[in-house]
Each structure stands twice: as structure tokens, then as C-alpha cells.
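In: sequence plus predicted model, see below.
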Amino acid sequence: MPKWPPHWIEVTDPDVLAAIERVPRHRFVPKHLQQHAYDDRPLPIGQGQTISQPFVVALMTQALDLSPESKVLEIGTGSGYQTAILAELADEVYTVEVRPELQERAKRILDDLGYANIHYRVGDGWMGWPEEAPFDAIIVTAAAPEWPQALIKQLAEGGRMVIPVGENDWNQTLWLLTKLDGNLIKESLGPVRFVPLITPDHSSIS
Ligand code: SAH
């Protein structure tokens, strides 16, 4: 496995770095792990899921190149930490989570922190949020075994999608996909390790 983080990618966008500084990550971490909230590593958040490593959150956010006018779709609300970073930088954030308890917990924290530009849906992220498409940016925070076609359709012309793709833990690649003149341009951002994007059929939701 190549060295991570790859030395050729750095987070330098001052708006992204400022958002990372503003959002209190300890609020999104379970109480007993709060002393590790500012370590640069993922942490468990229950139900076999994780809050992503801050470096990866920053890297993915930078790749989306958000502006205060951006309409963003996030798949995999999880702890809500990445959602908060997006809400700091974009106009409106639409976030979809398949596990209702996680969505509920994230919403409680994000409401408490005062975010008023986040829209929540419990459901299957593979389907995206067609009623609100197109999106200027789409971020998927769980690894998809294959490219989710519905999400690609919901990306606006000129839009950017960041998504880990790979069938198992050991061969995931983080991709930046840009839709330009109807063409899809794919750029690798390096190897990553995310929990899987599940295809919900009640037995697979732990
Ligand atoms: N950005 C989150 C990452 C959470 S881990 C954070 O930093 O906290 C990935 C999340 O994706 C988990 O909460 C998991 O339940 C969710 N997920 C998995 N498959 C999904 C699907 N098909 N649709 C929506 N969410 C899904």
C-alpha cells in the first residue's frame, strides 16, 4: 500500500482549514473517546461506523471546491462532522443516512450547534436525492463497490463528486469526478479505507 497521506496532496485551501478550525470535532465523538477528538484519525461512533479522519475530511472537502452558493449532497451522514464542515462552506447541504439512529444523533448535535442550512433524509444513498438535483457537489463518505449511476446523473454540469470506490477494505481509491460538457473526468486522490456503502435490505443494516 502506498504511503498515506500521499506527499503530493496537501490541504492548503484557507477556507477549508478555517472551517476545520471552527467546527468542534469533540461534539461529534462519543463521550468516552473525547480525549482523542483532535487526533488525526478515525474513531468509532457506534453501529460499526466511524467518524472520518480529519485529514481525509479536509482533503475531500477541498476537492469539492465549494462556494457560498453551492448546493451539496452528502451520502453517509454518520456522526455529522463532515456535514458541519460542508454547512460552513456551502449554501445548502442535503445529507442522506441509511441508519436512522445515526441520523437522529447527528441532527441533534447539528441543530444544537445552530446549523440551519442542512436538510436530512433517512434512506438509501445509492438513490441520491432526485427531487433536489442537480447538485454542484456530491460527497460519498462510504466506499461504493461500483460507481453509483444515480448520483452521477444528479451531478450538475461543472459539478464535482468525491467518492471512495472499491469492493473491499484493501483496494479503495478516492476519486474526484468532474462533469464537464457532459464528459466525466476522473482523477485519483489516492488510496483510502472507508466503511462500505451498503445496499440496504434490512438484514445488512447492523
Ligand atoms: N462522514 C461521516 C462518515 C460516516 S461513515 C463522518 O465523518 O462521521 C459512513 C456512513 O455511511 C455510515 O454512517 C453509514 O451508516 C452510512 N451509509 C452506508 N451505506 C449507506 C447508504 N446506502 N446510504 C446512506 N448512508 C449509508
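Out: Everything's here; your move.
In: three-state assignment of I163?
Out: Here I163 is recorded as strand under DSSP: H, G, I helix; E, B strand; the rest coil.
In: can you pull the contacts of it?
Out: Neighbouring residues of I163 by Cβ atoms under 8 Å, 6 or more residues apart in numbering: I138, I139, V140, A144, W147, P148, L151, L174, W175, L177. Any C-beta I mention is one placed from the backbone N, CA and C, and that applies to glycine too.
In: per-residue pLDDT, the residue of the chain positioned farthest from its centre?
Out: Distance to the chain centre peaks in the chain at D181, reaching 25.1 Å (criterion: Cα atoms, centre = their mean). Confidence at D181, expressed as pLDDT, is 92.
In: follow-up on the earlier one: ChimeraX command for the buried members of the contacts of I163?
Out: A single ChimeraX command selects the buried members of those (16 or more other Cβ atoms under 10 Å):
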select :138,139,140,144,148,151,174,175,177
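In: and of the contacts of I163, the nearest to D112?
Out: Each of the contacts of I163 was scored against D112 by Cβ to Cβ, and I139 proved nearest at 22.6 Å.
In: so the closest one is in which element?
Out: Applying DSSP states H and E as the criterion places I139 in strand 135-140.
In: that strand: partners in the sheet, and parallel or antiparallel?
Out: Here strand 135-140 is paired, per DSSP bridges, with strand 71-75 (parallel), strand 155-165 (parallel).
In: between the helix or strand following the first one and strand 135-140, how big is the angle?
Out: Downstream of strand 71-75, the first helix or strand assigned by DSSP H and E is helix 81-89. Between helix 81-89 and strand 135-140, the angle formed by their directions is 160 degrees, by axes from the mean of the first three to the mean of the last three Cα atoms, to 10 degrees.
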